[in-house]
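J.: Turn this into a structure:
(chains A, B, C, D, E and F)
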4 protein chains.
Amino acid sequence: MFILNPQSGIPIYRQLQEQVRRMVASGQLKPGTPLPSVRDLALAHAINPMTISRAYSLLEAEGLLERHRGKPMTVASQPRGNGATPKRLEQIEAPLDHLVLAARQLQLTEGEVVRALRKKWSESDD
Amino acid sequence: MFILNPQSGIPIYRQLQEQVRRMVASGQLKPGTPLPSVRDLALAHAINPMTISRAYSLLEAEGLLERHRGKPMTVASQPRGNGATPKRLEQIEAPLDHLVLAARQLQLTEGEVVRALRKKWSESDD
Amino acid sequence: MFILNPQSGIPIYRQLQEQVRRMVASGQLKPGTPLPSVRDLALAHAINPMTISRAYSLLEAEGLLERHRGKPMTVASQPRGNGATPKRLEQIEAPLDHLVLAARQLQLTEGEVVRALRKKWSESDD
Amino acid sequence: MFILNPQSGIPIYRQLQEQVRRMVASGQLKPGTPLPSVRDLALAHAINPMTISRAYSLLEAEGLLERHRGKPMTVASQPRGNGATPKRLEQIEAPLDHLVLAARQLQLTEGEVVRALRKKWSESDD
DNA sequence: GTGGTCTAGACCACC
DNA sequence: GTGGTCTAGACCACA
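T.: Numbering: from 1, shown residues only, chains lettered A, B, ... in the order given. As a prediction, the model looks like this:
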């Protein structure tokens, strides 16, 4: 259900956190939907339960998930007012910024970058 | 000369390292060109000199820079053969991968992402 | 500097979190002030460093503390816009609600409760 | 009859336990009075019957309630001597302590706190 | 069955 | 020196 790569340099709990955010933003996880239990996820990915739990707790603090004692965590029914559920396009701001900065410093042209993007996109078509 | 942002989450030494790599790859820094001294850069950006030094040392180890006793470091005249100076397009692989992954998980379309990219690009026109 | 009681039933990291919030709200900790290092606090209170770290991380996520790599954490200079630094009076809302509910269910009078409060207050005068 | 809030952070069984204690202490529940059945309460509040049962059992262990086979539990006729039915004022000790600690750490004055208390009190007037 | 808390200890990244 | 991440394992609280 999630793609977690311990080698990637990015902390595991943060990978999970981002993916849940994206799945909520894209509607793949709807309000009320229960998330996989900490133990299940931990087992499935051979990862320490605390690491999973950490991601879930942070998401709860963000207001994106809700805890119901004794039951699995669920997607929050009404995201808190502080803009807890960012728009989908806002969520690629950071990687976009990163890409544009790098490309400009390499003095690439807009066309070259767009072409490279389209290529990567079709390669990732599965 | 360089854009270093201590808040960005990306380690400072790595920001510097990448930017030097890009400027060499794009020809803005040519073989033989001297780099700013560690002290100057540190002062100019209010950053610990050890941090600058670390970036330079890593670039030297890569074969991209050369150290000459008593003189400032320079861009290496003939970059080593171990792929030290990758093609320019290869240098945006990482940010591209990151972007495509995020966008697909958000179930964005290729068109939306390209449009967002073009927008960011023109915004960064200075 | 802080009062941490492992026996109190309230999680240690949460006790610390609340006390920092209060000290910031009351001005005892001013923007820019460095906090005790994780290791120092852990040693001083014979508590696992991770427990301290957890409180600090949550406070950072709240926007109340700032991380500066390699240096101790500090009180955030400009608390984030989402009302990260609640007014002092707002911070006793929860215990007040609790008290009033209990008192009313016990059918105590306002006078009795105020008198009990004043008594407790002077007892805690040190 | 009872106010049970699953969201409040305080365990449900404990909320119930405290409220029964208070209603006995204040005379709203007199010795011999039958309590609502576990099933009824559970249904009315959409709460797991085991949770209700747990509160009742703890109150029975305290000596505040009595169990009669086949009949509903009742308020104990002569509460046991181990301080089972504390004075009413003693029952707000805990919330009072909590409030005073928080207020002092926030460097509020006695006047401010009393004023806030009076305000809350009148607001809860129904 | 769920999640929460804490520990002890190892290792890493950064400055 | 600073904080961050992860693990393994124990124990608790709640429904």
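
J.: how about stretch A:60-73, does it reach chain B?
T.: No: using CB under 8 Å from any CB of the partner chain, stretch A:60-73 stays clear of chain B, coming no nearer than 14.6 Å. C-beta coordinates here come from the backbone N, C-alpha and C atoms, glycine included.

J.: Span of that stretch from start to end?
T.: 9 Å (CA to CA, to the nearest Å).

J.: now do stretch A:3-23
T.: In stretch A:3-23, first residue to last residue: 12 Å (CA to CA).

J.: give me the number of residues near A:Glu123?
T.: Counted with other CB atoms under 10 Å in any protein chain shown, the neighbours of A:Glu123 add up to 10.

J.: can you map out the strands along chain A?
T.: Taking DSSP state E as the criterion, chain A contains strands spanning A:65-68, A:71-75.

J.: what comes into contact with the last one?
T.: Judged by CB atoms under 8 Å, 6 or more residues apart in numbering or on different chains, the contacts made with strand A:71-75 from elsewhere in the structure are A:24, A:29-37, A:56, A:60, A:64-68.

J.: buried sites along it?
T.: A:73-75 (16 or more other CB atoms under 10 Å in any protein chain shown).

J.: wait, which of these is closest to chain C?
T.: Nearest to chain C out of the buried residues of strand A:71-75 is A:Met73 (CB to the nearest CB; 17.3 Å).

J.: pLDDT wise, what is that closest one at?
T.: Looking at A:Met73, its pLDDT is 95.

J.: and chain A, which of its residues are near chain B?
T.: For chain A, the residues in contact with chain B (CB under 8 Å from any CB) are A:18-19, A:22-23, A:25-28, A:88-89, A:91-92, A:95-108, A:110, A:112-114, A:116-118, A:120-121, A:124.

J.: from those residues, which ones fall inside helices?
T.: A:18-19, A:22-23, A:25, A:95-105, A:110, A:112-114, A:116-118, A:120-121 (DSSP state H).

J.: Name the residues of stretch A:26-38 that come out as buried.
T.: The neighbour-count check on stretch A:26-38 (16+ other CB under 10 Å) flags A:29, A:35-36, A:38 as buried.

J.: list the contacts for the residue in chain A that DNA strand F sits nearest to?
T.: Going by CB to the nearest atom of the strand, DNA strand F is nearest to A:Gly70 of chain A, at 2.5 Å. Applying CB under 8 Å, 6+ apart, we find A:Gly70 in contact with D:Asn48.

J.: got a pLDDT number for the closest residue to A:Leu58 other than its chain neighbours?
T.: Distance criterion CB to CB, 6 or more residues apart in numbering or on different chains; nearest residue to A:Leu58, sequence neighbours excluded, is A:Gln17 at 5.7 Å. A:Gln17 is assigned 94 on the pLDDT scale.

J.: Distance of A:Gln17 relative to B:Ile12?
T.: For A:Gln17, the distance to B:Ile12 (CB to CB, to the nearest Å) stands at 24 Å.

J.: that older thread, please pick the buried ones from the residues of chain A next to chain B.
T.: Among the residues of chain A next to chain B, the ones that count as buried (16+ other CB under 10 Å) are A:18-19, A:22-23, A:25, A:88-89, A:91-92, A:95-106, A:108, A:113-114, A:116-117, A:120-121.

J.: re earlier: is it possible to get CSV of the buried residues of strand A:71-75 that adds distance to DNA strand E?
T.: Shown next, in CSV, are these (distance: CB to the nearest atom of the strand, whole Å):
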residue, distance to DNA strand E
A:Met73, 5
A:Thr74, 10
A:Val75, 13
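
J.: Can you tell me which of these is closest to D:Ala42?
T.: Minimum distance to D:Ala42 across the buried residues of strand A:71-75 is 21.4 Å, recorded for A:Thr74 (CB to CB).

J.: ok, what's across the strand from that closest one?
T.: On the basis of DSSP bridges, A:Thr74 is bridged to A:Pro34, A:Glu66.

J.: So what touches stretch A:109-126?
T.: Contact with stretch A:109-126 is made by A:99-100, A:103, B:89, B:92, B:96-97, B:99-101, B:104, B:110, B:113-114, B:117-118, B:121, as judged by CB under 8 Å, 6+ apart.

J.: and if you look at stretch A:9-21?
T.: Applying CB under 8 Å, 6+ apart, the set of residues contacting stretch A:9-21 from outside is A:2-6, A:8, A:29, A:35, A:41, A:47, A:51-52, A:54-55, A:58-59, A:64-65, A:86, A:91, B:102, B:105.

J.: try it again with 10 Å
T.: With contacts defined as CB atoms under 10 Å, 6 or more residues apart in numbering or on different chains, stretch A:9-21 is touched by A:1-6, A:8, A:28-29, A:35, A:41, A:45, A:47-48, A:50-59, A:62, A:64-65, A:73, A:75, A:84-86, A:91, B:98, B:101-102, B:105-106.

J.: Quick one, which of those residues are buried?
T.: When neighbours are counted using 16+ other CB under 10 Å, those contain these buried positions: A:2, A:4, A:29, A:35, A:41, A:45, A:47, A:51-59, A:62, A:64-65, A:73, A:75, A:84-85, A:91, B:98, B:101-102, B:105-106.

J.: Within reach of DNA strand F, which of those are there?
T.: The residues of these that also fall near DNA strand F, by CB under 7 Å from any atom of the strand, are A:47, A:51, A:54.

J.: between those residues, which is nearest chain B?
T.: When those are ranked by distance to chain B (CB to the nearest CB), A:Arg54 comes first, at 18.0 Å.

J.: So the closest one is in contact with C:Ser57, correct?
T.: Yes: using CB atoms under 10 Å, A:Arg54 is in contact with C:Ser57, at 9.3 Å.

J.: gap between the two ends of stretch A:61-77?
T.: Taking CA to CA, stretch A:61-77 runs 14 Å from one end to the other.

J.: Which residues are in contact with A:Gly32?
T.: By CB under 10 Å, 6+ apart, A:Gly32 lies in contact with A:66, A:74-77.
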